[in-house]
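K.L.:
Let me see the structure of the following:
(one chain, ligands or ions: 2)
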Amino acid sequence: MMQRCLELARRALGRTAPNPLVGAVIVKDGAIIGEGFHPQAGQPHAEVFALREAGDRARGATLYVNLEPCNHHGRTPPCSEAVVAAGLAKVVVGMVDPNPKVAGGGIARLQAAGIEVVTGVEAAACQELNEAFVHRILYHRPFGILKYAMTLDGKIATNSGHSAWITGQAARAEVFQLRATCDAVIVGGNTVRLDNPLLTSRQVDGPHPLRVVMSRTLNLPEEAHLWQTAAAPTLVITEPGVKPEFQALLRHLGVEVVELSPLTPAQVMTYLYDRGFLSVLWECGGTLAAQAIADGAVQKVLAFIAPKIVGGSTAPSPVGDLGFLTMPQALPLEKLRWRPVGADLLVEGYLPQTQVSSLE
Ligand SMILES: Nc1nc(O)c(N)c(N[C@@H]2O[C@H](COP(=O)(O)O)[C@@H](O)[C@H]2O)n1
Ligand SMILES: [Zn+2]
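P.N.:
Ligands and ions are numbered 1, 2, ... in the order given. Predicted structure coming up:
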């Protein structure tokens, strides 16, 4: 039943920020009598949809939900009260809500009403599904994912800068899917100049991430796909007073332009946090990727590795200079996983939070 909750919750991937992904199932006499998921911030919570479907049959039933029912008045009223009012006998919870406004209060409210509560069911899967929400709550920043594609000899382009395509169709399809789950995708000016990317999820009805360009100089081509196609919203972040005429042109083309000082990954993440973002995908070149890592703006790394060798002594690599001089300084990835994607290999891992923030 908890797996079913996670399946329902995933239907809203990429659409709930700043809220978590939540699914709920109500079971009575071995049969599902109500289901729901949280579709979007401002909309009812998953539990409410499940309770609505179950109606009066919810009395004496069991609710399964991957996140503790809320116990506060936010954009919506507390689910704990709705669960108590509906007369449920038992609630099975995947994980406690790290939101300080909830943080065990929902469970305590249910128990005080005589409802049996079981917690920690499929806890690891529940934590992983909402890793961005948890990170946002704990660190007051969106969850950063660095994704890159490289050859087996560690190059993201040839000596001359040519990079299309390193990986095959299956890996590229997986990246489109990944973009659909993230709230923003960030590149630097160099990527716009060299690759002219579209940065959408390629899905007809979206969701698409907000496409963010960090550019100190605004030396960007007027004809870039990002502003010549209305495929998804675009935000250009630069420093105060840079090229006001080009800024005006971008705004005229429907691009949002924001000035930040200093223009650093840390500052950009704080800005995106304030806008309510949960997850940010770094699809940038090596220089910006290194800055993002050093600023603690990357929590997870997704490396697509193509089984080919391109060579080249000046061919770029995915992460630029981190200022390390000895191998023991290298950042070890944790919770490593790998799997084939078509003819390529995807390696996933997490940067240790303490080690990275000590670089700041
Ligand atoms: N248990 C649970 N189910 C859902 O469907 C949810 N969206 C949440 N979210 C929790 O409540 C906060 C948002 O409240 P409002 O949507 O503003 O009322 C969110 O931060 C989570 O703590 N929980
Ligand atoms: Zn709720």
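K.L.:
in stretch 269-286, what's buried?
P.N.:
Neighbour-count burial for stretch 269-286 flags 269, 271-273, 277-286 (criterion: 16 or more other C-beta atoms under 10 Å). (Each C-beta comes from the backbone N, C-alpha and C, glycine too.)
K.L.:
Which strands or helices does the helix ranked longest in the chain pack on?
P.N.:
Looking across the chain with DSSP state H, the single longest helix is helix 169-181. Where contact means 3 or more C-beta pairs under 8 Å, 6 or more residues apart in numbering; DSSP states H and E, helix 169-181 is packed against strand 143-151, strand 279-282, strand 300-306, strand 334-341, strand 344-350.
K.L.:
so which of those is the most packed in?
P.N.:
For the helices and strands packed on helix 169-181, the largest average neighbour count (mean count of other C-beta atoms under 10 Å) is found in strand 279-282, namely a mean of 27.
K.L.:
Show me which residues of the stretch 51-200 of the chain are close to ligand 2?
P.N.:
70, 79 (C-beta under 5 Å from the ion).
K.L.:
What's the separation between whichever residue of the stretch 51-200 of the chain sits closest to ligand 1 and Pro20?
P.N.:
Closest to ligand 1 within the stretch 51-200 of the chain is Gly74: 2.7 Å, counting by C-beta to the nearest ligand atom. According to C-beta to C-beta, to the nearest Å, Gly74 stands 12 Å off from Pro20.
K.L.:
More neighbours: which of these two?
P.N.:
Higher neighbour count among Gly74 and Pro20: Pro20, with 28 against 14, using other C-beta atoms under 10 Å.
K.L.:
And that one, how far from Gly106?
P.N.:
For Pro20, the distance to Gly106 - C-beta to C-beta - is 13 Å.
K.L.:
now swap in Ala303 and tell me
P.N.:
For Ala303, the distance to Gly106 - C-beta to C-beta - is 38 Å.
K.L.:
Same check on Lys155?
P.N.:
Distance, Lys155 to Gly106, by C-beta to C-beta: 50 Å.
K.L.:
Mind checking which of these two has more residues around it?
P.N.:
Of the pair Lys155 and Gly106, Gly106 is the one with more neighbours under other C-beta under 10 Å, namely 29 against 22.
K.L.:
Please name the residues that touch the more buried one.
P.N.:
68-71, 78-80, 97 (C-beta atoms under 8 Å, 6 or more residues apart in numbering).
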